[in-house]
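Engineer: Have a look at this fold, sequence not included:
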Ligand SMILES: [Zn+2]
């Protein structure tokens, strides 16, 4: 975003005189005057002989001054909108921030209470009326940027009757007496007729173009039909996460919020934000690392025999699982959190036909989970896998090693019951058989 600069922004107030080489911000009707558009460079104090220049701030090594706005300066102009992507970014930030101060200075020339000419305070960034003492501080208009999300989709819109024609999020000014969360609820109802269920702060952005402080929120809404307020918006519609595509620039909070959502961020996660999907062939090395981690964990928790001796599962088996679409991964925070095999059929695991010391509860098609492993990065991965498989199948069968007390505890916690003993092809140890589900 445009404010994310490496250089220090020092806004301490001072009254001082420029050196001839200090950069000067001066704004015309269309934008900021420049000595060079690319790379962005501004006129120098020496270019404004005899004019009253106001010290604004320091960005990095550069101390910026403001010259009175004028339409007929002998410089090139960089348009306001182009500052979003101008480089170096530190100077673009200075130009946008100076734009806000310039607007404020120009609108505080006379006292709003008694009408006398105002003077700059000697102590702080304020304009003071010598007649009545009225003191006016820089004016910032807070506004919200709203990422309305529902599961895997986000609401995007296009403004009606504004120069900016790109994709936008809902937005609106905070009214007096409102919290920003109130503004989110009101604007979403006014602009698209949807009821906000909850909000989540998504970051802020000073936006000198329109003298704003933008406050970003994601919000979740109740089911309902979008009713577009056409006085504000040309249109508004749901855009699936996978169809968001490339974004035109990274300067704005709006694009930052859309990009974060596009890249997998879930502001209102269920199951701790874990998402389950088919594994990809290129993930095989990462998946094998998850299995290595899981074997170490099992060995350290009293279960060295289930996978340890045979280095189970072999890579060729996982490669085949992936190819057959039976290997799934859990993902969160852009990282693999777990991996497992899942299948569903009448006879999904032929090895389960022979069960001793008991019987399966139901005789119907079932889901089966094998080779479930957590990367050990966060809690809840096993629970998420089993809940997902149960939701897919309605009836899940699973087995585990007698030494795997971690898995046995999890299965019991989730309501699985032990039905008997089965055997597996990879070794001679018995396995406990569990199931859970509806007929
Ligand atoms: Zn006054």
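Structural biologist: Good, I have the coordinates. Predicted model, so just to flag it, every value in this text is computed and none were measured.
Engineer: only C-alpha atoms for contact and neighbour calcs from this point on.
Structural biologist: OK.
Engineer: Give me the contacts around stretch 173-184.
Structural biologist: Residues from elsewhere that reach stretch 173-184 (CA atoms under 8 Å, 6 or more residues apart in numbering): 141-144, 146, 172, 196, 199, 215, 217, 219.
Engineer: please redo it, this time with the cut-off set to 7 Å
Structural biologist: 142-144, 146, 199 (CA atoms under 7 Å, 6 or more residues apart in numbering).
Engineer: what separates residue 179 from residue 194, distance-wise?
Structural biologist: Remark: distance between residue 179 and residue 194 (CA to CA, to the nearest Å) = 19 Å.
Engineer: These two: who's more crowded?
Structural biologist: residue 194 (22 against 10; other CA atoms under 10 Å).
Engineer: That one looks like it's in a strand, true?
Structural biologist: No. Counting by DSSP: H, G, I helix; E, B strand; the rest coil, residue 194 is located in no strand; its state is coil.
Engineer: pretty sure it is touching residue 224, no?
Structural biologist: Yes. In this structure, residue 194 is within contact of residue 224 by CA atoms under 7 Å, at 6.4 Å.
Engineer: thinking again about what came up before, out of the contacts of stretch 173-184, give me the one that has the most neighbours.
Structural biologist: residue 146 (30 neighbours).
Engineer: mind checking pLDDT for it?
Structural biologist: For residue 146, the pLDDT comes out at 98.
Engineer: can you map out the strands along the stretch 1-150 of the chain?
Structural biologist: Here the stretch 1-150 of the chain has its strands, by DSSP state E, counting those that start in this stretch, at 9-10, 24-25, 31-34, 54-59, 62-66, 76-79, 119-120, 127-128, 135-136, 141-150.
Engineer: Including distance to residue 257, could those strands go into JSON lines?
Structural biologist: Below are the strands of the stretch 1-150 of the chain laid out as JSON lines (distance: least, CA to CA, whole Å):
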{"stretch": "strand 9-10", "distance to residue 257": "24"}
{"stretch": "strand 24-25", "distance to residue 257": "30"}
{"stretch": "strand 31-34", "distance to residue 257": "27"}
{"stretch": "strand 54-59", "distance to residue 257": "26"}
{"stretch": "strand 62-66", "distance to residue 257": "31"}
{"stretch": "strand 76-79", "distance to residue 257": "25"}
{"stretch": "strand 119-120", "distance to residue 257": "38"}
{"stretch": "strand 127-128", "distance to residue 257": "36"}
{"stretch": "strand 135-136", "distance to residue 257": "34"}
{"stretch": "strand 141-150", "distance to residue 257": "7"}
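Engineer: Of those strands, which stretch is the most buried?
Structural biologist: Of the strands of the stretch 1-150 of the chain, the one with the most neighbours on average (mean count of other CA atoms under 10 Å) is strand 24-25, at a mean of 28.
Engineer: So what's the gap between that one and the chain middle?
Structural biologist: How far strand 24-25 lies from its chain's middle: 35 Å, per CA atoms, centre = their mean, to the nearest Å.
Engineer: list the helices and strands it packs on?
Structural biologist: strand 62-66 (3 or more CA pairs under 7 Å, 6 or more residues apart in numbering; DSSP states H and E).
Engineer: Strands of the stretch 201-350 of the chain, start to end?
Structural biologist: Under DSSP E, counting those that start in this stretch, the stretch 201-350 of the chain gives strands at 212-221, 233-240, 275-278, 327-332, 335-345.
Engineer: Kindly present those strands as CSV, with separate columns for mean pLDDT and distance to the ion.
Structural biologist: Output for those, formatted as CSV (pLDDT from 0 to 100; distance: least, CA to the ion, whole Å):
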stretch, mean pLDDT, distance to the ion
strand 212-221, 97, 26
strand 233-240, 92, 41
strand 275-278, 91, 61
strand 327-332, 93, 58
strand 335-345, 95, 60
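Engineer: With mean neighbour count and distance to residue 154 added, can I get those in JSON lines?
Structural biologist: Putting the strands of the stretch 201-350 of the chain into JSON lines (neighbours: other CA atoms under 10 Å; distance: least, CA to CA, whole Å) gives the following:
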{"stretch": "strand 212-221", "mean neighbour count": "22", "distance to residue 154": "9"}
{"stretch": "strand 233-240", "mean neighbour count": "16", "distance to residue 154": "5"}
{"stretch": "strand 275-278", "mean neighbour count": "17", "distance to residue 154": "17"}
{"stretch": "strand 327-332", "mean neighbour count": "22", "distance to residue 154": "19"}
{"stretch": "strand 335-345", "mean neighbour count": "21", "distance to residue 154": "22"}
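Engineer: tell me which parts of the stretch 101-250 of the chain are close to the ion?
Structural biologist: 111, 114, 129, 132 (CA under 5 Å from the ion).
Engineer: Need the buried ones from those selected in PyMOL.
Structural biologist: Those of these that count as buried under 16 or more other CA atoms under 10 Å are selected in PyMOL with:
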select buried, resi 111+129
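Engineer: Find the centremost residue of this protein, please.
Structural biologist: Closest to where the C-alpha atoms of the chain average out (CA atoms, centre = their mean) is residue 260, at 3.3 Å.
Engineer: for the closest residue to residue 262 other than its chain neighbours, what are its contacts?
Structural biologist: If the residues on either side of it in the chain are set aside, residue 262 comes closest to residue 241, at 5.2 Å by CA to CA, 6 or more residues apart in numbering. Residue 241 is in contact with 152-154, 261-262, counting by CA under 7 Å, 6+ apart.
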